[in-house]
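Asks: coords below, sequence missing:
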Ligand code: ATP
Ligand code: MG
Ligand code: FE
């Protein structure tokens, strides 16, 4: 079984080929047009997908050793994501599947972020809990089987990646600021400044408060010292990161206790954060958890995870029709 998978939900155009469950490649074109705007501009993202998609698919096929005639199915991200971006991928996938006369497989992007854990060994065992942390989502998911997942907690407002990026912007860092906060935090003191830790009911998160807290804090400090940010950048980054991680892990611990689960995974772009990885490891040691973190290229948006999800759907015969449409707010 050879499947071509396409990812185009946000600002990464990606294609991957999976052969009998084994990922052969993962071609990713990152869009740089958004940097100067400090965030993804949907209209520009759609146009860039339009430009990148065919070269990216071409490269995936050319480097796979499989000809397009040998493809058994074409898979694509149906949602959630930016409507215009999704439309480019969905339309391409439909045309390609139609031309090759093979079935189409629609994939949920958030499910795929979790299934990235099945690309390499060791793999988590069911049921496990996955904390999915990205630019658009923050979810605690109880994973009962490859295609059977339940969201047990999520953010009521901003995603944690958004909190990283927005506070980074307040510090004058370029977009996306998450990786830069991570970088500067390594040299800083996480206890230098304290920001409020939200505690929402049950397993819910809230990340909008920290943005406002940092905004007012900086405004007050800059009044006395216009150089406050540059003089304290590392401590600010470390303190912000510390607060965000604390919120993430508090609820993760709670979820693990409630569901009695010891296999704990993280997924999504923010799982690249070194502070989160370190704190998760020490928590795991303390509670006897086994932890799972995908390779970096499978953490951020990529088509290999879409291919992995498509593989499981193919095995179950879960295909979609030519009348399928993207869903910007698709649920797990
Ligand atoms: P979604 O998957 O919810 O649609 P997305 O596609 O934008 O959102 P990803 O590409 O998975 O999300 O992740 C991007 C996010 O990850 C950005 O917010 C970015 O700042 C953040 N991020 C990446 N690396 C790090 C890091 N080392 N530390 C903190 N945040 C990071
Ligand atoms: Mg992205
Ligand atoms: Fe994503």
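Replies: Ah, there it is. Worth saying up front: this structure is predicted, and the values here are computed from it rather than measured. Ligands and ions are numbered 1, 2, ... in the order given.
Asks: list the contacts for residue 245?
Replies: 273, 275, 276, 279 (Cβ atoms under 8 Å, 6 or more residues apart in numbering). (Glycine included, C-beta is placed from N, CA and C.)
Asks: how would you label it: helix, strand or coil?
Replies: Counting by DSSP: H, G, I helix; E, B strand; the rest coil, the backbone at residue 245 sits in helix.
Asks: which residues in the stretch 51-200 of the chain form strands?
Replies: Ranges of strands in the stretch 51-200 of the chain, per DSSP state E, counting those that start in this stretch, are 73-79, 104-108, 128-133, 138-145, 148-154.
Asks: export those strands to JSON lines and append columns for mean pLDDT and distance to residue 219.
Replies: Below are these laid out as JSON lines (pLDDT from 0 to 100; distance: least, Cβ to Cβ, whole Å):
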{"stretch": "strand 73-79", "mean pLDDT": "98", "distance to residue 219": "38"}
{"stretch": "strand 104-108", "mean pLDDT": "98", "distance to residue 219": "41"}
{"stretch": "strand 128-133", "mean pLDDT": "98", "distance to residue 219": "28"}
{"stretch": "strand 138-145", "mean pLDDT": "98", "distance to residue 219": "26"}
{"stretch": "strand 148-154", "mean pLDDT": "98", "distance to residue 219": "30"}
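Asks: would you turn those strands into CSV with distance to residue 21?
Replies: Output for these, formatted as CSV (distance: least, Cβ to Cβ, whole Å):
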stretch, distance to residue 21
strand 73-79, 13
strand 104-108, 14
strand 128-133, 19
strand 138-145, 16
strand 148-154, 18
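Asks: distance to residue 176 and mean neighbour count added to those, as a markdown table?
Replies: Listed next are those as a markdown table, based on distance: least, Cβ to Cβ, whole Å; neighbours: other Cβ atoms under 10 Å:
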| stretch | distance to residue 176 | mean neighbour count |
| --- | --- | --- |
| strand 73-79 | 20 | 27 |
| strand 104-108 | 23 | 25 |
| strand 128-133 | 13 | 26 |
| strand 138-145 | 16 | 21 |
| strand 148-154 | 21 | 17 |
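Asks: so can I have CSV of these showing distance to ligand 2?
Replies: CSV is the format used below for these (distance: least, Cβ to the ion, whole Å):
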stretch, distance to ligand 2
strand 73-79, 12
strand 104-108, 16
strand 128-133, 12
strand 138-145, 15
strand 148-154, 19
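Asks: which one, of those, ends up nearest to residue 256?
Replies: When those are compared by Cβ to Cβ, strand 128-133 sits nearest residue 256, at 6.0 Å.
Asks: just want the angle from the closest one to strand 148-154.
Replies: 50 degrees (axes from the mean of the first three to the mean of the last three Cα atoms, to 10 degrees).
Asks: closest to ligand 1 among the contacts of residue 245?
Replies: Nearest to ligand 1, judged by Cβ to the nearest ligand atom, of the contacts of residue 245 is residue 273 at 3.4 Å.
Asks: number of residues surrounding the closest residue to that closest one other than its chain neighbours?
Replies: Spatially, and ignoring its direct neighbours in sequence, residue 273 is nearest to residue 182 (5.1 Å; Cβ to Cβ, 6 or more residues apart in numbering). Residue 182: 21 surrounding residues under other Cβ atoms under 10 Å.
Asks: quick check: residue 182 touching residue 240?
Replies: No: using Cβ atoms under 8 Å, residue 182 is not in contact with residue 240; the gap is 10.5 Å.
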